[in-house]
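Visitor: Requesting a structural model of the entry that follows:
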Amino acid sequence: MKAKNHYRTLGIHYKASGAEIRNAYRKLAMKYHPDVNSSKTAQTILAEINEAYNVLSNPERRKQYDLYELEEFTEVKAYEKNIRDIYKKITELRRDVVRMDRYRMDTNVVYRELMHQLSDRNMEIINNNDEALLRKNLFEEVIGIVSFLDYSQQVPVMEQLKKINTPSNVDKLAKQQKATYLLNKYKLAIAIIAALILLMLLSAVF
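Guide: Alright, predicted model coming up:
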């Protein structure tokens, strides 16, 4: 059976401390708990999160996992990455997202992969280079993915984008995303109100 990437499941670096593992687990467990998340995939994701935490929070099990299974997942060795590796992963993700049926897409899966690529460790790699144009292109690729996510998922992505050294105005983009979300959320109510006003005006005329 193929090994599972527990570090990727929790969205942490393979050198993460015990405290970082606990914090990542708590955040994800709260996010995907059945009481707050009713999506079809939440239960499966939560089971994966629990399994990853049970392994990585136990020093002996983690040691064995790192020794015999970790090397299968070279992508978790962030120190070997460079900005081009991260850019490639993000562009591949955007290409996959564009090809998906938007109404059947599991945004949780897309969100988790995107946040994995925008981890704090990867932010260091992205910013610690002189390729400003590549940083800008990476930023734009992420924005292209964000529009496919739910608003609750867009917010943490935007927070990560603020950490990238680019001249882009993330706050302005975040406001635009919020405005779009509110418009889509209330457009039916707005249409009904507009129709009622129109009927009232017509009634007054005739």
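Visitor: can you give me the mean pLDDT across the helix or strand containing Lys63?
Guide: Element membership for Lys63, per DSSP states H and E: helix 59-68. Mean per-residue pLDDT for helix 59-68: 85.
Visitor: What pLDDT is listed against Ser168?
Guide: 60.
Visitor: what's the residue closest to the geometric middle of the protein?
Guide: Nearest to the mean C-alpha position of the chain, by CA atoms, centre = their mean, lies Tyr111 at 3.0 Å.
Visitor: Please work out which residues outside the helix holding Lys63 touch it.
Guide: Contact with helix 59-68 is made by His6, Tyr14, Asn54, Val55, Leu56, as judged by CB atoms under 8 Å, 6 or more residues apart in numbering. The way it works is simple: take the backbone N, C-alpha and C, and place the C-beta from them, glycine included.
Visitor: who's in contact with whatever helix or strand the third one lives in?
Guide: Using DSSP H and E, Asn54 sits within helix 42-56. Residues outside helix 42-56 that contact it (CB under 8 Å, 6+ apart) are 4, 6-7, 9-10, 16, 21, 25, 28-29, 32-34, 61-62, 65, 108, 112.
Visitor: what comes up buried for it?
Guide: For helix 42-56, a neighbour-count test (16 or more other CB atoms under 10 Å) marks Ala42, Ile45, Leu46, Glu48, Ile49, Ala52, Tyr53, Val55, Leu56 as buried.
Visitor: now those residues as TSV including distance to Gln154 and pLDDT?
Guide: Shown next, in TSV, are the buried residues of helix 42-56 (distance: CB to CB, whole Å; pLDDT from 0 to 100):
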residue	distance to Gln154	pLDDT
Ala42	19	89
Ile45	19	92
Leu46	22	93
Glu48	23	94
Ile49	22	95
Ala52	25	94
Tyr53	26	96
Val55	31	95
Leu56	28	95
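Visitor: Now render those as TSV, adding distance to Asn137.
Guide: Shown next, in TSV, are these (distance: CB to CB, whole Å):
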residue	distance to Asn137
Ala42	33
Ile45	30
Leu46	35
Glu48	32
Ile49	32
Ala52	32
Tyr53	35
Val55	36
Leu56	34
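Visitor: Show me which of those is closest to Glu141.
Guide: Minimum distance to Glu141 across the buried residues of helix 42-56 is 24.5 Å, recorded for Ile45 (CB to CB).
Visitor: Quick check: what element follows the helix holding Lys63 along the chain?
Guide: helix 83-99.
Visitor: how far is that following helix from where the chain is centred?
Guide: Distance of helix 83-99 from its chain centroid, counting by CA atoms, centre = their mean, to the nearest Å, is 13 Å.
Visitor: Give me the residues contacting it.
Guide: By CB under 8 Å, 6+ apart, the surrounding residues in contact with helix 83-99 are 75, 105, 110, 113-114, 117, 122, 125-126, 129, 131, 134-135, 137-138, 141-142, 144-145, 148.
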